[in-house]
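**Student:** What follows is a predicted protein model with its sequence.
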Amino acid sequence: MKKNFLLALLSAILLATAYAYVNDALSFAHEAAAPYAKKGFSVREDAWGGDLGVKDQQAVSAQLFKGNEYWFCLGTEVKGAVLTIHLYDSQGKLVEAESWQKGRFAGARIVPEKTGTYYAIITVEKSPQERTGWAVVYAYK
Amino acid sequence: MTKIIPLILAAICLLPPASEAAEAVPASIDLSKFPAAEVDNVVVPVPSEIFAVLDKLGAPNWRGELRGSLGKNTGNRAQVALLLGTVIAEGFIAVEAEDSERVKDIGREVLELAEAINVRKAVIARSKSITEKAQAKDWPSVRKEFDGALQDVRSAMEELGDDELAQLVSIGGWLRGTQVLTSIVSKNFSQDGAELLYQPQLLDYFTRRLDGIKNTRLGKDDLVVRIRKTLGGIRPLIGKDDGTKISADNVQRINKMTGEMVIAITSKEA
């Protein structure tokens, strides 16, 4: 009984920790997107996040439409971590118009030449921590 | 002047070539190396992403696309979830039409439907904000609130363990959004407009989610069965490969199929 309680407590703490750092990363992702909102982009309320080890990568798939312009913005709560985001088409070809990386933030812009599925690839290039929380939001206009 | 030229040339030689600077970003990647769940789970777009393109292609009569009735809640949870999706999509159309009264009605309806599936608390603030911002005709903010309402409802349902039902909200929104997209494209057909329907992976994603429903009762629900069949019917019409052209006939067929489903979702007989 006591063991079960401890296990449940431990799971709850781990879940709360994971949620907290994705949540923190999300506020940084929104901060990265803020300049684009001022330029007339609509920032989606939906967001994607998780945590990755150093040199690990994750893909986020999105349906994008020709005629729109998109910014994908990435944030992390880990000071000193370097994360990047780049955009590829369904053939795995790099298709972004530009990208940048600065401190806890990174961004990539795409003006799709075709309507279809695209992939945002998130990479933890370096980090002082074993696992690094990240979050991505995207904006369109 | 002639002394400067060799200096400039030397400086150019010392600069790293552009390709070297870009070397860190691979020009291509092998997507099959990523876990299938990552690659296959497509982020569902909100209707206004598509509507933004339609606005650039012409001047659609958004007011003419609004439905007279938002539909009736039958008490069937699957129907309510789908209906909620169609109503939120209607909100995006009303924003395009800049119809404040309609937007306010829709904000109230979202709250009522959310209550029917026990997620009212999650959208109270959104509903209030939709009303206030519609009154102020702050359309970008209203659009953002509808997007937020959609996410809040889905998150609240997932927290309640209703993940499968939450997916139906997205599908309801997609069906209504696609009905309007095909209606507008049919009225003034262009290949650029038709290309907006090229969403094969999104359709496959929806189909996988419906096929994977574990709740037997939900999986056998008449509306869910009909939607699965409709998605299966639409899939071959929207093109197989990049660059496939979608014909005017197919746009009309998709409009008919999605329209029938929206009627089934919103009518009392559903």
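**Tutor:** Yep, it's here.
**Student:** CA atoms for contacts and neighbours, from now on please.
**Tutor:** Noted.
**Student:** per-residue confidence for residue 6?
**Tutor:** Defaulting to chain A. At residue A:6, the pLDDT value in this model is 54.
**Student:** meant chain B actually
**Tutor:** Reported pLDDT for residue B:6: 52.
**Student:** Return the nearest residue of the stretch 101-250 of chain B with respect to chain A.
**Tutor:** With CA to the nearest CA as the measure, residue B:148 is the residue of the stretch 101-250 of chain B nearest to chain A, at 5.3 Å.
**Student:** Residue A:73: which element?
**Tutor:** strand A:70-75 (DSSP states H and E).
**Student:** Does that strand reach chain B?
**Tutor:** No: against chain B, strand A:70-75 shows no contacts by CA under 8 Å from any CA of the partner chain, the least distance being 10.1 Å.
**Student:** Can I get that strand in PDB? Just the C-alpha atoms.
**Tutor:** Extracted in PDB, the C-alpha atoms of strand A:70-75 (Å, rounded to 0.1, in the frame of the first residue of the first chain):
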ATOM      1  CA  TYR A  70       4.500  30.600 -41.900                       C
ATOM      2  CA  TRP A  71       6.900  31.200 -39.100                       C
ATOM      3  CA  PHE A  72       7.700  28.200 -36.800                       C
ATOM      4  CA  CYS A  73       9.000  29.400 -33.500                       C
ATOM      5  CA  LEU A  74      10.900  27.300 -30.900                       C
ATOM      6  CA  GLY A  75      11.700  28.000 -27.300                       C
END
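**Student:** What helices and strands are in contact with that strand?
**Tutor:** helix A:2-38, strand A:82-88, strand A:105-110, strand A:131-140 (3 or more CA pairs under 8 Å, 6 or more residues apart in numbering or on different chains; DSSP states H and E).
**Student:** Quick one: mean pLDDT over it.
**Tutor:** 98.
**Student:** If you tally nearby residues, what's the number for residue B:24?
**Tutor:** Residue B:24 has 8 neighbours, counted by other CA atoms under 10 Å in any protein chain shown.
**Student:** sorry, that was for residue A:35
**Tutor:** Residue A:35 has 11 nearby residues by other CA under 10 Å.
**Student:** And for the one 10 residues further on?
**Tutor:** By the criterion of other CA under 10 Å, residue A:45 has 19 neighbours.
**Student:** Tell me who's in contact with it.
**Tutor:** A:137, B:144, B:147, B:148, B:151 (CA atoms under 8 Å, 6 or more residues apart in numbering or on different chains).
**Student:** what's the answer for residue B:158, then?
**Tutor:** residue B:166.
**Student:** cutoff 6 Å now
**Tutor:** Listed by CA atoms under 6 Å, 6 or more residues apart in numbering or on different chains, residue B:158 has no contact partners.
**Student:** quick one on the thing from earlier: what lies in contact with the strand holding residue A:73?
**Tutor:** A:25, A:28-29, A:32-33, A:104-110, A:134-140.
**Student:** coming back round to it: now intersect the contacts of residue A:45 with the helices, please.
**Tutor:** B:144, B:147, B:148, B:151 (DSSP state H).
**Student:** contacting residues around the third one?
**Tutor:** Residue B:148 is in contact with residue A:45, counting by CA under 6 Å, 6+ apart.
**Student:** Quick one: low-confidence residue ranges for chain A.
**Tutor:** Within chain A, the segments meeting pLDDT under 70 span A:1-22.
**Student:** Brilliant, that's me finished.
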